[in-house]
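*Asks:* got a sequence here, can you build the structure:
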Amino acid sequence: MSISLTAGAVPGPRKDPEVAAALGRRRKRTNTIIRALCVGATLIGLAFLASILITLTYRGFEAMSVRVFTNVTAPPGSEGGLLNAIVGSLIQASLGTAIGTPIGMLVGTYLAEYAKGSKFGNLVRFVSDILLSAPSILVGLFVYQILVLPFGGFSGWAGVVALAIIVIPVVVRTTEDMLTLIPNTLREAVIGLGSPKWKMIVLICWKSAMSGIITGILLAVARVAGETAPLLFTSLGNNAWSTNLSAPMASLPVTIYSMAGSPFEDWIALAWAGALLITLSVLALNVLARSVLRTRK
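*Replies:* The predicted structure is shown next:
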């Protein structure tokens, strides 16, 4: 039995024009409603963000002055500044990044180059992902138990270790992702020329992935720059000038936390100035990270 189709005939059930029109109208209504909800949610989010940024910029620049960068924290009513907190944050964030970055790069390299498909590699990756998403206050409590209590007091070194632990999983994830993007044909070509694997990783893979790794490091610095909870349990804070890492050390986030809750107007003004400084520094690091990634493509 042969079936012949006339010109323009389409096999299958015949379409009902009225049903098709009704379905089309329903799809358009649904699309319009969903689009309106998405646009409304976006506008609400942008409105809140703009409100925060406008308030922060206004109050921060209003309190900004030269003494913020030249004077240390003083009692209420005095001409105090944030010099000790700024220097303390720079020291702790720099040392934490310097400690956490090489560890993170080495772990990320191990996961990407040596531990593909292994159970131990999956375990390390799982632990790293947990650290990446864990609340930073847990890191502070952990360091408090292993460094503050046994040694009998708060210290800048404890704060450095806490920040380094926060940096490590960020760099691990970035390094592994960037090395995974490198094509295997490049590795095979280098190995085929007689190069040992360690030299292939250091001179070829790291060099090819360096822009992405640097981006991850900058983002890690931006994250630890505003951390308050881990420093409350480790370096605590210090209203006096101190660069001694074996003693409590001031930091900008902890100082902001202390001053923002005080009843003194001059301290609240300094807290706004410090918050603006952190916001601008994080913004600058994010812009720098995107610039580095864009220029190296």
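*Asks:* which strands or helices does the strand or helix carrying Ile54 pack on?
*Replies:* Ile54 belongs to helix 17-63 when assigned by DSSP states H and E. Secondary-structure packing of helix 17-63 (3 or more CB pairs under 8 Å, 6 or more residues apart in numbering; DSSP states H and E): helix 265-295. C-beta: built from backbone N, CA, C; applies to glycine.
*Asks:* pull the distance from the helix it packs on to the chain's centre.
*Replies:* Its chain's average C-alpha position is 13 Å from that of helix 265-295, according to CA atoms, centre = their mean, to the nearest Å.
*Asks:* now do the buried residues in that helix.
*Replies:* 266-279, 281-282, 285, 289, 292 (16 or more other CB atoms under 10 Å).
*Asks:* quick check: which element contains the residue nearest in space to the middle of the chain?
*Replies:* For the chain, the residue nearest the mean C-alpha position is Arg223 (4.2 Å; CA atoms, centre = their mean). Element membership for Arg223 (DSSP H and E) is helix 206-225.
*Asks:* what does stretch 173-181 contact?
*Replies:* For stretch 173-181, contacts defined as CB atoms under 8 Å, 6 or more residues apart in numbering pick out 104-105, 107-109, 111-113, 125, 128-129, 132, 205, 209, 212-213, 215-217, 219.
*Asks:* try 6 Å this time
*Replies:* Met105, Gly108, Leu111, Ala112, Cys205, Ala209, Gly212, Ile213, Gly216 (CB atoms under 6 Å, 6 or more residues apart in numbering).
*Asks:* can you check stretch 134-148 too?
*Replies:* Residues contacting stretch 134-148 (CB under 6 Å, 6+ apart): Phe154, Ala158, Val161, Ala162, Ile165, Ile166, Glu227, Ala229, Pro230, Phe233, Thr234.
*Asks:* quick one: which of the residues you listed sit in helices?
*Replies:* Counting by DSSP state H, the contacts of stretch 134-148 place Ala158, Val161, Ala162, Ile165, Ile166, Ala229, Pro230 in helices.
*Asks:* returning to what we had before: so which of the contacts of stretch 173-181 comes closest to Leu95?
*Replies:* Met105 (16.6 Å; CB to CB).
*Asks:* the closest one: neighbouring residues, count only.
*Replies:* Met105: 22 surrounding residues under other CB atoms under 10 Å.
*Asks:* and the one 3 residues further on, by the same measure?
*Replies:* Close neighbours of Gly108, defined as other CB under 10 Å, add up to 28.
*Asks:* quick check: the residue nearest to the centre of the chain vs Arg59, distance?
*Replies:* 24 Å (CB to CB, to the nearest Å).
*Asks:* repeat that for Thr30.
*Replies:* 44 Å.
*Asks:* and the two? which has more neighbours close in?
*Replies:* In this view Thr30 and Arg59 are compared by other CB under 10 Å, and Arg59 has more residues nearby, 17 against 10.
*Asks:* is it true that that one touches Trp272?
*Replies:* Yes - with contact defined as CB atoms under 6 Å, Arg59 reaches Trp272; the gap is 4.1 Å.
*Asks:* what helix or strand does Pro169 sit in?
*Replies:* helix 156-180.
*Asks:* in a markdown table: the ones in helices among the contacts of stretch 134-148, plus pLDDT, distance to Ile201 and neighbour count.
*Replies:* Formatted as a markdown table, these follow (pLDDT from 0 to 100; distance: CB to CB, whole Å; neighbours: other CB atoms under 10 Å):
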| residue | pLDDT | distance to Ile201 | neighbour count |
| --- | --- | --- | --- |
| Ala158 | 96 | 33 | 28 |
| Val161 | 97 | 28 | 24 |
| Ala162 | 96 | 30 | 30 |
| Ile165 | 96 | 25 | 23 |
| Ile166 | 96 | 26 | 23 |
| Ala229 | 93 | 36 | 18 |
| Pro230 | 95 | 32 | 29 |
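*Asks:* tell me which of the residues you listed is nearest to Ser242?
*Replies:* Ala158 (14.3 Å).
*Asks:* just give the closest residue to that closest one, not the sequence neighbours.
*Replies:* In space, Ala158 comes closest to Thr234 once its chain neighbours are excluded; the distance is 3.7 Å by CB to CB, 6 or more residues apart in numbering.
*Asks:* contact partners for that neighbour?
*Replies:* So Thr234 contacts Gly140, Val143, Ala158, Gly159, Ala162 (CB under 6 Å, 6+ apart).
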